[in-house]
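S.K.: need coordinates for the following:
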Amino acid sequence: MANLTTQDKNKILRSLAQALLDNHQFIIKENEKDLRNAKKKNLSPAFIDRLTITRARIKTMSDSLKALVSLPDPVGEVIKQWTAPNGMRISRVRVPIGVIAIIYESRPDVTSDCIGLCLKSGNCVILRGGSEAINSNKAIYKVLSQALVKFSIPEGAVGLISTTRRQDVRALLRLNDYIDLVIPRGGEGLIREVTGHSRIPVIKHYKGICHVYVHQDADLLMAENICYNAKVQRPGTCNAMETMLVDKNIAPLFLPKMIERLKEAAVQIRGCPISRRIVKDIRAATDKDYRTEYLDLILSVKVVRDLDEAIEHINEYGSHHSDSIVTKNIEAASEFLKRVDSACVYHNASTRLTDGYQFGMGAEMGISTDRLHARGPMALEELTTYKYVIYGEGQIRI
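M.R.: Here you go, the predicted structure:
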């Protein structure tokens, strides 16, 4: 896999992208089995939305693979080069990580994204999706693995574990002689399960408790549109806003109209005492609410006295994922961007934009909330490590 040429990789990616489109009916039919099971279990509308595959979403999956074709191949890139005092020429060169296991939950589009990313970055991949999406994942894998057959891909380089037993995941996590990295994507329970049992290094794609702070100098119409998008556009994703912070100086003007608009979209509001005095018919927020990733049409609201309190709240209650400030005040924005300790910090933009495709990185493996090796959208470069390549002319150590 590491020795595939860029031309070969891009040819394969185009073939995979077309295979998804050509087999959309089969994929949707298998997905319907998962949707029926989810509805029988009375799973939330947001969960079902994450699970649902439509023809439009298959096209998005296909487009994500095509987008990888236009991106530079990271393998072989010279990151840095220099000459040592003894005359050796040293280069730091990108290479694949090796074998990556990806354990994820209810979003079947992860299956195709991860196959494409690992292929382009020269890695082997082992996929293990959640039981709720088992039919969808198997269908997507079947379509893509059949398309891979006509290329010189080593057998087993792209694999899917099709069982749903927890003990199989635990067995996988003990294979440190064969797997180089584990990436879990999902809720807090999955992350804790993987990190607690893995003998293999783990990059965590942890929960997204994302905030939008409406500063006292915000353009209120802009703020309303950003907050609405961040909560409502796809509430079941990790980059959706879970808490809206509003400066006390503009809260009486901003909150009534904002909350009315959110309620029209069926958002349930949980507010602090000040917000509940401004808007009467909302339930009280608890400390637990501010620490909860709802992944649903539920929103916590807190009125803060100033920029400092907003930053303190985010750093205390957030998950270091994505947070935004809406303001016309450049100094306040700069302070927010510097002091908020999150993988992605925004000025005047929705947290929903935390996404490899939106960042121009093609598809993504997920959003890393770790600090080591990879942080934020994890795409091609983040799926590589490096080695040192040294050219000498007979140098020896004295």
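S.K.: averaged pLDDT, stretch 16-23. What do you get?
M.R.: Here stretch 16-23 scores 98 as its mean pLDDT.
S.K.: which strands or helices does the helix or strand harbouring residue 113 pack on?
M.R.: Secondary structure assignment for residue 113, by DSSP states H and E: helix 109-120. For helix 109-120, the packing partners by 3 or more C-beta pairs under 8 Å, 6 or more residues apart in numbering; DSSP states H and E come out as helix 6-22, helix 55-70, strand 99-104, strand 124-128, helix 134-148, strand 158-160. For the C-beta atoms, the positions are set from N, CA and C on the backbone; glycine is no exception.
S.K.: buried set for the first one?
M.R.: In this case it means helix 6-22. Across helix 6-22, burial judged by 16 or more other C-beta atoms under 10 Å covers 9-10, 12-13, 16-17, 19-20.
S.K.: before we move on, what about the second one?
M.R.: Applying a neighbour-count criterion of 16+ other C-beta under 10 Å, one finds 57-58, 60-62, 64-69 buried in helix 55-70.
S.K.: columns pLDDT and distance to residue 114 on top of these, output as a markdown table?
M.R.: Listed next are these as a markdown table, based on pLDDT from 0 to 100; distance: C-beta to C-beta, whole Å:
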| residue | pLDDT | distance to residue 114 |
| --- | --- | --- |
| 57 | 96 | 16 |
| 58 | 97 | 16 |
| 60 | 92 | 15 |
| 61 | 94 | 11 |
| 62 | 96 | 15 |
| 64 | 90 | 11 |
| 65 | 93 | 11 |
| 66 | 94 | 16 |
| 67 | 90 | 14 |
| 68 | 93 | 12 |
| 69 | 95 | 16 |
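S.K.: mind putting these into CSV with distance to residue 182?
M.R.: Rendered in CSV, the data for those read as follows (distance: C-beta to C-beta, whole Å):
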residue, distance to residue 182
57, 26
58, 28
60, 26
61, 23
62, 27
64, 22
65, 23
66, 28
67, 25
68, 22
69, 27
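S.K.: before we move on, back to that, average model confidence for the helix holding residue 113?
M.R.: Confidence over helix 109-120 (mean pLDDT, whole number) is 94.
S.K.: likewise stretch 229-248?
M.R.: On average, the pLDDT along stretch 229-248 is 95.
S.K.: quick one: end-to-end distance for that stretch.
M.R.: Here the two ends of stretch 229-248 are set 22 Å apart, with distance taken as C-alpha to C-alpha, to the nearest Å.
S.K.: what residues sit buried inside that stretch?
M.R.: In terms of neighbour count (16+ other C-beta under 10 Å), stretch 229-248 has its buried residues at 229-232, 235-247.
S.K.: kindly report the same for stretch 168-187.
M.R.: Neighbour counts using 16+ other C-beta under 10 Å place 169, 172-173, 179-187 of stretch 168-187 among the buried residues.
S.K.: how about stretch 132-151?
M.R.: Residues 132-145, 147-148 are the ones in stretch 132-151 that count as buried (16+ other C-beta under 10 Å).
S.K.: same question for stretch 337-345.
M.R.: For stretch 337-345, a neighbour-count test (16+ other C-beta under 10 Å) marks 340, 342-345 as buried.
S.K.: so how far is that stretch from its chain's centroid?
M.R.: 17 Å (C-alpha atoms, centre = their mean, to the nearest Å).
S.K.: isn't there a strand covering residue 301?
M.R.: Yes - according to DSSP: H, G, I helix; E, B strand; the rest coil, residue 301 belongs to a strand.
S.K.: that one - how many residues pack around it?
M.R.: Applying other C-beta atoms under 10 Å, we find 26 other residues in the vicinity of residue 301.
S.K.: so how far is residue 226 from it?
M.R.: If you measure residue 301 against residue 226 using C-beta to C-beta, to the nearest Å, the figure is 15 Å.
S.K.: quick check: domain ranges of the protein?
M.R.: With automatic domain parsing as the criterion, the domains of the chain are listed as 6-205+365-391, 210-353.
S.K.: now render those as CSV, adding distance to residue 397.
M.R.: As requested, those are arranged in CSV below (distance: least, C-beta to C-beta, whole Å):
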stretch, distance to residue 397
domain 6-205+365-391, 9
domain 210-353, 42
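S.K.: worst average pLDDT in these?
M.R.: Minimum mean pLDDT among the domains of the chain: domain 6-205+365-391, a mean of 93.
S.K.: got the end-to-end distance for that domain?
M.R.: Using C-alpha to C-alpha, the end-to-end distance of domain 6-205+365-391 comes out at 25 Å.
S.K.: from the chain's centre, how far out does it sit?
M.R.: Relative to the chain's own centre, domain 6-205+365-391 is displaced by 12 Å; criterion: C-alpha atoms, centre = their mean.
S.K.: so residue 278 touches residue 254, yeah?
M.R.: No - using C-beta atoms under 8 Å, residue 278 is not in contact with residue 254; the gap is 9.2 Å.
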